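Peer 1: model this:
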Amino acid sequence: MGAASEDRIHRRGARVLLVSHEENEPRLLMVRGHDPHDPGRYFWFTPGGGLEAGETMRAAAIRELAEETGHVLLDDELVGPVWRRTAVFDFASRPYTQFEEIFVGLHAHAASRSRTDAAWTEIELETIDEVAWLTERELRESSIEVFPAQLRESWTWFLDWDGVTRDLGEVDE
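Peer 2: Below you'll find the predicted structure:
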């Protein structure tokens, strides 16, 4: 958008595909938000975010899931990373390049330790509109953007993960 490339924010991030099988078909916990500088732009995205100093990807995924959704997983309850990617995007009129690892967790594990106190940052309070369990079909047919876009495709490969981390390369969002 209007920012020079040297203003680009480079960071590392971790995300979680939290899966529930409680209603006879798999559902993912997704977050619906909007860009505060483009209020007509809505999108679904996975819980997660940037790493803190000295933090591993796995630890960041667990922390971010708890902070954004209140669902708590233990380290050994996270599978993966199933995906690696470099996301190039603009948010709040700032350009980002974020190297991400995406993990899978099962809601059955997190449900026993769920908290009611999601700890949203100021920007999350401003931009998160909803946290919801969505089916593969609901994401595929959603009228708003979905990040990562591959969630509009079949989920079989990460629901029955073969242990191979897929590298999605660089994606523009």
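
Peer 1: residues touching stretch 99-109, excluding its own?
Peer 2: When contacts are taken as C-beta atoms under 8 Å, 6 or more residues apart in numbering, the neighbours of stretch 99-109 outside the stretch itself are 11-22, 29, 46, 48, 57-58, 61, 65, 71, 73-74, 77-87, 148, 158-159, 161, 165. From N, CA and C alone the C-beta is placed, and that goes for glycine too.

Peer 1: check stretch 7-15 too.
Peer 2: Counting contacts by C-beta under 8 Å, 6+ apart, the residues outside stretch 7-15 that touch it are 45-51, 57-58, 60-61, 64, 87, 94-103.

Peer 1: related to what we said a few turns ago, can you say which of the contacts of stretch 99-109 are buried?
Peer 2: If you count burial by 16 or more other C-beta atoms under 10 Å, the buried members of the contacts of stretch 99-109 come out as 13-20, 29, 46, 48, 57-58, 61, 65, 71, 73, 77-85, 87, 148, 158.

Peer 1: which helix or strand in this structure has the lowest average pLDDT?
Peer 2: Lowest mean confidence among the helices and strands of the chain (mean pLDDT, DSSP states H and E): helix 107-111, at a mean of 65.

Peer 1: those helices in this protein, which residues are they?
Peer 2: Remark: helices assigned in the chain by DSSP state H are 57-69, 107-111, 122-127, 136-140, 156-159.

Peer 1: format the ones you listed as TSV; extra columns: distance to residue 39.
Peer 2: Compiled in TSV, the helices of the chain are given as follows (distance: least, C-beta to C-beta, whole Å):
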stretch	distance to residue 39
helix 57-69	21
helix 107-111	31
helix 122-127	10
helix 136-140	22
helix 156-159	32
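
Peer 1: deepest of those, which one?
Peer 2: Looking across those with neighbours counted as mean count of other C-beta atoms under 10 Å, the highest average goes to helix 57-69: a mean of 22.

Peer 1: name the nearest residue to the residue nearest the centre of the chain, ignoring sequence neighbours.
Peer 2: With distances taken as C-alpha atoms, centre = their mean, residue 46 lies nearest the centre of the chain, 2.3 Å away. Among residues not flanking residue 46 along the chain, residue 15 sits closest, at 4.4 Å (C-beta to C-beta, 6 or more residues apart in numbering).
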